[in-house]
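**Student:** The following block contains a protein sequence and its predicted model.
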Amino acid sequence: MAQEPSQEYIHVAYTMSRPYRWSAGKYLSKLYKEMRDSKKLVTNRCPKCKELLWPPQMVCGRCKVRAGDDWVELSDKGTVAGYTYLVYPLWDPHAGKRVGEDHPYATILLDDGMYMVSRLEEQDKEKLKVGMRVQAVWREEGRGRGLDEDILYFRTIEQ
């Protein structure tokens, strides 16, 4: 019996740019621009029930009416409602490096009643506690990107 000839594959690698743009929408874009340019958290208010919508939204989830352009500046201070931290380091076997954050993540109840998830500066497990007061630490001037990453972390403040 004749042996089948083996197939040889030719591999050609090339790089191709894929430019694209996407929009966060009118309301979320307003929040990101304020974070980047003014270091402020803003949200809109429902014209019917007068509740603050976080994050800013086009339609009130309670009333099902179109949210207005009644913008409100929120405080960047709050209280830790809960937190989590990495107990042991995770390693990415493909990259050969540690995966995960050095900063614990927390759910923060802002002074205006909105909940936000962000990193905490405090890394000592003994000092972390629910109920501690924190304030946002923003990226330095001119370094903002117009994303929620403009807040580096929340720092513990005196009560």
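**Tutor:** Yep, it's here. Numbers count the residues shown, from 1 in each chain.
**Student:** Report how many residues lie close to the spatially closest residue to W54 that is not a sequence neighbour.
**Tutor:** Ranked by C-beta to C-beta, 6 or more residues apart in numbering and with sequence neighbours excluded, the top spatial neighbour of W54 is M114, at 4.0 Å. The way it works is simple: take the backbone N, C-alpha and C, and place the C-beta from them, glycine included. Applying other C-beta atoms under 10 Å, we find 18 residues neighbouring M114.
**Student:** okay but M114 is in contact with L53, surely?
**Tutor:** No - taking contacts as C-beta atoms under 8 Å, M114 lies outside contact range of L53: 9.1 Å.
**Student:** Would you mark the buried spots in the longest strand anywhere in the chain?
**Tutor:** Determined from DSSP state E, the single longest strand within the chain is strand 77-84. Using 16 or more other C-beta atoms under 10 Å as the test for burial, strand 77-84 gives 78-80, 83.
**Student:** Which neighbouring elements make contact with that strand?
**Tutor:** Identification of packing neighbours for strand 77-84 by 3 or more C-beta pairs under 8 Å, 6 or more residues apart in numbering; DSSP states H and E yields strand 105-110, strand 133-138.
**Student:** Where do the strands of the chain begin and end?
**Tutor:** Per DSSP E, the chain carries strands over the ranges 41-45, 52-53, 71-74, 77-84, 90-92, 97-99, 105-110, 115-119, 133-138, 151-156.
**Student:** M35 versus R139, what's the distance?
**Tutor:** 9 Å (C-beta to C-beta, to the nearest Å).
**Student:** want to throw the helices and strands packed on strand 77-84 into a markdown table with mean pLDDT, distance to P47 and mean neighbour count?
**Tutor:** Compiled in a markdown table, the helices and strands packed on strand 77-84 are given as follows (pLDDT from 0 to 100; distance: least, C-beta to C-beta, whole Å; neighbours: other C-beta atoms under 10 Å):
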| stretch | mean pLDDT | distance to P47 | mean neighbour count |
| --- | --- | --- | --- |
| strand 105-110 | 94 | 22 | 20 |
| strand 133-138 | 95 | 28 | 18 |
